[in-house]
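Colleague: Pasting a predicted model and its sequence here:
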Amino acid sequence: MKLLFDQGTPAPLRNHLPAHSVDTLAEKGWSEKDNGELLDLAEREGYEVLVTTDQNLRHQQNLAGRRFGIVVLLSANRPEVRLRVLEVEEAIAAVHPGTVIEIPIRTG
């Protein structure tokens, strides 16, 4: 599956998702894009899932009708995210286009 990691998503998470093709915003040169433009670009480039830590994205953007799903990590704490890799994988497999799955991450 083709995944795009947003700015706050810990890039080392990609090492735990070997079955997927993962790009980051920085690698794509999209770090300065606003959310609306970013979503349009992700859709045009054929991404199937956006993995983000932006908890407000679903409230700021109309996601209905998008051709990719969004997985929201509710924290960017790398050690804690690493402990939730199985849940991240399950969310990636379960999310449908235009929908959001949130993964709670303990932060301390």
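Modeller: Arrived safely.
Colleague: Give me the contacts around the helix or strand bottoming out on mean pLDDT in the chain.
Modeller: The helix or strand of the chain with the poorest confidence is helix 57-60; it has a mean of 86 (mean pLDDT, DSSP states H and E). The contact list for helix 57-60, computed with C-beta atoms under 8 Å, 6 or more residues apart in numbering, reads 35, 63, 70, 72, 100. For glycine as for every other residue, the C-beta is placed from the backbone atoms N, C-alpha and C.
Colleague: you'd agree the third one is up against Tyr47?
Modeller: The reference is to Ile70. No. Ile70 is not in contact with Tyr47 according to C-beta atoms under 8 Å; the separation is 10.2 Å.
Colleague: For the chain, just list every one of the helices.
Modeller: 25-28, 35-44, 57-60, 78-83, 85-94 (DSSP state H).
Colleague: The first one: which residues count as buried?
Modeller: Right, helix 25-28. 25, 28 (16 or more other C-beta atoms under 10 Å).
Colleague: which residues touch it?
Modeller: 4-7, 31, 33, 38, 41, 45.
Colleague: In these, find the pair that's most separated.
Modeller: The most widely separated members of those, counting by C-beta to C-beta, are Gln7 and Glu45 (16.6 Å).
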